[in-house]
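Visitor: Give me a 3D structure for the following:
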Amino acid sequence: MPIGTFLHFFIDGVKPLWEDEHCKDGGAYKIRMPKTHTAKYWEDLLLALVGEQFDAESGEVLGLVLSSKFNSDVVSIWHKTANSEETRTKLKASIEAILQLEDGMKLDYENF
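Guide: Reported below is the predicted structural model:
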């Protein structure tokens, strides 16, 4: 994938914009990974989204964004309820279980 490429996969009716009505009160978990892990992590998260495997309320996860960088890639998991600590905790645990993160990899969080 060329550097600077963005791939978006969102549920029907949601635009990959922070300003979108569905996203405005949400946030995103982000993980920076070596390029050797990108295909596997992207596939695992995509299948989890389609199969509704995230341990959060139905419709909480809005979409995924893959951003290709020079030395690494970043995948963001967008969700709609940033102000619920319980939802964020459940979502983070689900992402960690799905990805089985290696040492040194961590999830960062960003409110929209």
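Visitor: which element is the residue nearest to the spatial centre of the chain on?
Guide: Closest to where the C-alpha atoms of the chain average out (CA atoms, centre = their mean) is Ile77, at 1.3 Å. Per DSSP states H and E: Ile77 is located in strand 72-79.
Visitor: Partner strands of that strand, with direction?
Guide: Next to strand 72-79 in the sheet, as set by DSSP bridges, lie strand 27-34 (antiparallel), strand 61-68 (antiparallel).
Visitor: could I get those strands as CSV with mean neighbour count and mean pLDDT?
Guide: Bear in mind the C-beta positions are built from the backbone N, C-alpha and C, glycine included. Formatted as CSV, the strands paired with strand 72-79 follow (neighbours: other CB atoms under 10 Å; pLDDT from 0 to 100):
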stretch, mean neighbour count, mean pLDDT
strand 27-34, 18, 95
strand 61-68, 20, 96
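Visitor: Among these, which comes closest to Ile95?
Guide: Comparing these against Ile95 with CB to CB, the closest turns out to be strand 27-34 (5.7 Å).
Visitor: starting at the chain centroid, how far to that closest one?
Guide: Chain-centre distance of strand 27-34: 7 Å, with CA atoms, centre = their mean, to the nearest Å.
Visitor: what's the model's confidence in the helix or strand following that strand, averaged?
Guide: Counting by DSSP H and E, the next helix or strand C-terminal to strand 27-34 is helix 35-50. Helix 35-50 comes out with an average pLDDT of 95.
Visitor: what's next to helix 35-50, contact-wise?
Guide: 1, 7, 9, 11, 31, 33, 53-54, 61, 63-64, 66, 68, 71-73, 75, 77, 94-95, 98-99, 102 (CB atoms under 8 Å, 6 or more residues apart in numbering).
Visitor: which residues touch the residue nearest to Leu91 when sequence neighbours are not counted?
Guide: Nearest non-adjacent residue to Leu91, counting by CB to CB, 6 or more residues apart in numbering: Ala56, 4.8 Å away. Contact partners of Ala56, counting by CB under 8 Å, 6+ apart, are 79, 87, 90-91, 94.
Visitor: now do Glu21
Guide: Applying CB under 8 Å, 6+ apart to Glu21 gives no contacts.
Visitor: and it, helix, strand or coil?
Guide: Following DSSP: H, G, I helix; E, B strand; the rest coil, we place Glu21 in the coil state.
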